[in-house]
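J.: I'll drop the sequence and a predicted model, then ask my questions.
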Amino acid sequence: MVSLGRPLAAIIEMKISKQSQRDARQLFRSCQVGGLLDETRVRRTLGLLAEKKPRGYLEILTRLHRLVKLNVEQHAAVIESATPLSAAAQAEVKNRLVGIYGAGLSFAYGENPALIGGLRIRVGSDLYDGSVKTRLDKLAQSF
Amino acid sequence: MLADLKREVGRLVVQTTATVTGKVLTADDQNRLAEETQKQLAA
């Protein structure tokens, strides 16, 4: 286990120099293959940073962590269904999402009876909500 | 006061509808609702 030598909160709050931001962006780009983040490259880059400890490496690590986290969130698709969705229907949804957002999406599927009916799909900050619950919530707000 | 009453009646109607709807939706209804969301993706 690697000790960072200072409280994690202080590292997160630290002001990151422009040079470190540039370095982190450059490293982030080098971790991409065909526009998609390559986990192996990310791990290798993090390992090299931790090993070589270049000037401002903690800042670079912090910024790089943020860039990777944002990228992962942007490529995370969460599919919620009020009732069990058949494998064929799940595949159909996934295909449509890949058609819109391209490859590199990670999928999570779950049942949520609170939706009452329909689907709710979130990809990054985009939301496709056809659930009965949301329709009723909107109706309730109109009174 | 009338506005409050209207809001309260509306809330109760929606609450009751939410409770009942989940029980009356058939598998076909659920499929149709799921397809509607999928169409949003295509739009």
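T.: Received, thanks. Numbers count the residues shown, from 1 in each chain, chains lettered A, B, ... in the order given.

J.: ok, and the closest non-adjacent residue to A:Leu61?
T.: A:Leu49 (5.8 Å; Cβ to Cβ, 6 or more residues apart in numbering or on different chains). Placement of C-beta: from N, CA and C, glycine included.

J.: Who are the packing partners of the helix or strand hosting that neighbour?
T.: Assigned by DSSP states H and E, A:Leu49 falls within helix A:39-52. Here helix A:39-52 touches helix A:18-30, helix A:57-74, going by 3 or more Cβ pairs under 8 Å, 6 or more residues apart in numbering or on different chains; DSSP states H and E.

J.: Toward the C-terminus, what is the element adjacent to the shortest one?
T.: Next helix or strand after helix A:18-30 toward the C-terminus (DSSP H and E): strand A:32-33.

J.: and the longest helix along chain B, which residues are buried?
T.: Counting residues, the longest helix in chain B under DSSP state H turns out to be helix B:2-24. Buried positions in helix B:2-24, judged by neighbour count with 16 or more other Cβ atoms under 10 Å in any protein chain shown: B:14, B:17-18, B:21-22.

J.: dump the residue contacts of the closest residue to A:Pro54 other than its chain neighbours.
T.: Nearest residue to A:Pro54 in three dimensions, chain neighbours excluded: A:Ile60, at 7.3 Å (Cβ to Cβ, 6+ apart). By Cβ atoms under 8 Å, 6 or more residues apart in numbering or on different chains, the contact set of A:Ile60 is A:20, A:23-24, A:27, A:49, A:54.

J.: Next, name the residue at the spatial heart of chain B.
T.: B:Ala18 (5.9 Å; Cα atoms, centre = their mean).

J.: Distance-wise, check it relative to chain A.
T.: B:Ala18 sits 5 Å away from chain A, going by Cβ to the nearest Cβ, to the nearest Å.

J.: Check the offset of stretch A:33-48 from the chain's centre.
T.: Relative to its chain's centre, stretch A:33-48 lies at 15 Å (Cα atoms, centre = their mean, to the nearest Å).

J.: Dump that stretch to PDB, keeping only the CA atoms.
T.: Taking Å, rounded to 0.1, in the frame of the first residue of the first chain, the C-alpha atoms of stretch A:33-48 are listed here in PDB:
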ATOM      1  CA  VAL A  33      -7.000   3.700 -28.100                       C
ATOM      2  CA  GLY A  34      -9.200   4.600 -30.900                       C
ATOM      3  CA  GLY A  35     -10.900   7.300 -28.800                       C
ATOM      4  CA  LEU A  36     -11.700   4.800 -26.000                       C
ATOM      5  CA  LEU A  37     -10.000   4.600 -22.700                       C
ATOM      6  CA  ASP A  38      -7.800   1.600 -22.300                       C
ATOM      7  CA  GLU A  39      -7.800   0.200 -18.800                       C
ATOM      8  CA  THR A  40      -4.400  -1.500 -19.200                       C
ATOM      9  CA  ARG A  41      -2.800   1.700 -20.400                       C
ATOM     10  CA  VAL A  42      -4.400   3.600 -17.400                       C
ATOM     11  CA  ARG A  43      -3.000   1.100 -15.000                       C
ATOM     12  CA  ARG A  44       0.400   1.200 -16.600                       C
ATOM     13  CA  THR A  45       0.400   5.000 -16.600                       C
ATOM     14  CA  LEU A  46      -0.600   5.100 -12.900                       C
ATOM     15  CA  GLY A  47       2.100   2.600 -12.100                       C
ATOM     16  CA  LEU A  48       4.700   4.600 -13.900                       C
END
